[in-house]
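Engineer: return atomic coordinates for the entry below.
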Amino acid sequence: MSSTAGESIPVGTGHIACDLHSSAVVFSKLSSSYPLKLLSPRVSKHGVAIVYMMSYGGGLVGGDCVHLVVEVGRECKLMLLSQGSTKVFKTRPGDRASTRLRRSSPLPSSLQAVTTQSMEVTIAPDSALFLLPDPVTCFRSASYTQVQTFHLAGSASIVLLDWVTSGRKSIGEDWDFLRYYSVNEVFVEGRRVARDVLLLDNSSPDTPTTSCPSHPHDPPLRTLKDRLSPYSCYAMMLLYGPQTHSVVTDLQTKYRTISVFKRTAPEKFLWSLSPVDYGKGTVIRAAGVDTEDVKNWFREALKGLEVVVGIDEYRKVFL
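Structural biologist: From the prediction side, this is the model:
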């Protein structure tokens, strides 16, 4: 569904608003404009809706700016998914259609090249949002900023997955992007319960680039690849609210069985579990040598959501 006839949608914006009517989730708003595209297929599970967040051309280019507003009505269960990884193509000079109309004065070329995505989400009482997109994949020299804010009612639930890959490893792009910056904030009844920030910056190394006569023993430059290897995918998942309890209980049981001991080589896959907001929420962090290992682990870890959103609906996640 696009905008109502005659309605003007600002470039690069989208709006999702849904409510429960009888046993069906109905969208009062499902609108988007280039480069964002929103599609909602029919689902068989009562009280559940799915929206795919996509972009024209299969990705975002330097300078693209996308803003999405999401309103989940009472007793609705909304799954926000994507089809394939969110590709962020390399920077290129000049204005893009998605940025040209959003500012009144020119920005420096360095700022024009940054791809930005922002999301403002409101989740009503007894509702749930399952934000389970594919990972972000930044191409060489790309610069990406993402800011997502979630406002929950006291009885609302959320499963939030935010993950990034090292890039197109098959062609030698391994943590070769310029900058990746992601911020996730979660508020419950106006009180901030979680704030997660990830900054991966190739433009500001943590050590000097070369040795010089005054500092002959300075170590060489450590790139992102040096610091993040051997892993090619890092993920953060936050679970909060009553509709996540069964999944969290299963994860806690699995986590208690982990033994920590010294190893001669890095594990192929790592994960950790931490409580937030005095145990009312849970944060999972994971890293894998291969992105598929991370995807397969999350697919199994969240399998308890089949009871919440439906078996057929859950099968659409992590394809």
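
Engineer: which residue ranges of the stretch 201-319 of the chain form strands?
Structural biologist: Along the stretch 201-319 of the chain, counting by DSSP state E, counting those that start in this stretch, strands occupy 233-240, 269-276, 281-288.

Engineer: show residues contacting the first one.
Structural biologist: Translated: strand 233-240. Contact with strand 233-240 is made by 135, 152, 157-166, 184, 186, 188, 193-194, 196, 198, 228, 247-248, 276-277, 280-288, 290-291, 293-294, 298, as judged by C-beta atoms under 8 Å, 6 or more residues apart in numbering. Where C-beta positions appear, they are placed from N, C-alpha and C, glycine not excepted.

Engineer: spell out which strands sit alongside that strand in the sheet and which way each one runs.
Structural biologist: strand 157-165 (antiparallel), strand 281-288 (antiparallel) (DSSP bridges).

Engineer: quick one, which of those is packed in tightest?
Structural biologist: strand 157-165 (a mean of 23; mean count of other C-beta atoms under 10 Å).

Engineer: using PDB, write out every CA atom in that strand.
Structural biologist: Extracted C-alpha coordinates of strand 157-165, given in PDB (Å, rounded to 0.1, in the frame of the first residue of the first chain):
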ATOM      1  CA  SER A 157       7.200  -6.400  24.200                       C
ATOM      2  CA  ILE A 158      10.100  -6.100  21.800                       C
ATOM      3  CA  VAL A 159      12.600  -8.300  20.100                       C
ATOM      4  CA  LEU A 160      15.300  -6.100  18.500                       C
ATOM      5  CA  LEU A 161      18.100  -7.500  16.400                       C
ATOM      6  CA  ASP A 162      20.900  -5.200  15.100                       C
ATOM      7  CA  TRP A 163      23.800  -6.800  13.300                       C
ATOM      8  CA  VAL A 164      26.500  -6.000  10.800                       C
ATOM      9  CA  THR A 165      28.800  -8.000   8.500                       C
END
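
Engineer: need the next SSE after it, C-terminal direction.
Structural biologist: Once strand 157-165 ends, the next helix or strand along the chain (criterion: DSSP states H and E) is strand 179-188.

Engineer: helices or strands next to that following strand in the packing?
Structural biologist: If contacts are counted by 3 or more C-beta pairs under 8 Å, 6 or more residues apart in numbering; DSSP states H and E, strand 179-188 sits against strand 136-138, strand 143-152, strand 157-165, strand 191-201, strand 233-240.

Engineer: out of those strands, deepest packed?
Structural biologist: Buried most deeply of these, by mean count of other C-beta under 10 Å, is strand 136-138, with a mean of 26.

Engineer: average pLDDT for it?
Structural biologist: Strand 136-138 shows a mean pLDDT of 96.

Engineer: which neighbouring elements make contact with it?
Structural biologist: Strand 136-138 packs on strand 86-88, strand 143-152, strand 157-165, strand 179-188, going by 3+ C-beta pairs under 8 Å, 6+ apart.

Engineer: so who does the residue nearest in space to the middle of the chain touch?
Structural biologist: Nearest to the mean C-alpha position of the chain, by C-alpha atoms, centre = their mean, lies residue 162 at 3.3 Å. Shown in contact with residue 162 (C-beta under 8 Å, 6+ apart): 146, 148, 182, 184, 196, 198, 235, 236, 237.

Engineer: mind doing that once more with 10 Å?
Structural biologist: Contacts for residue 162 (C-beta atoms under 10 Å, 6 or more residues apart in numbering) come out as 131, 133, 135-136, 146, 148, 182-184, 196, 198, 234-238.

Engineer: same deal with residue 195?
Structural biologist: Going by C-beta under 10 Å, 6+ apart, the list of residues near residue 195 reads 149, 183, 184, 185, 186, 187, 276.

Engineer: JSON lines for the strands of the stretch 201-319 of the chain, including mean pLDDT?
Structural biologist: Rendered in JSON lines, the data for those read as follows (pLDDT from 0 to 100):
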{"stretch": "strand 233-240", "mean pLDDT": "98"}
{"stretch": "strand 269-276", "mean pLDDT": "96"}
{"stretch": "strand 281-288", "mean pLDDT": "98"}
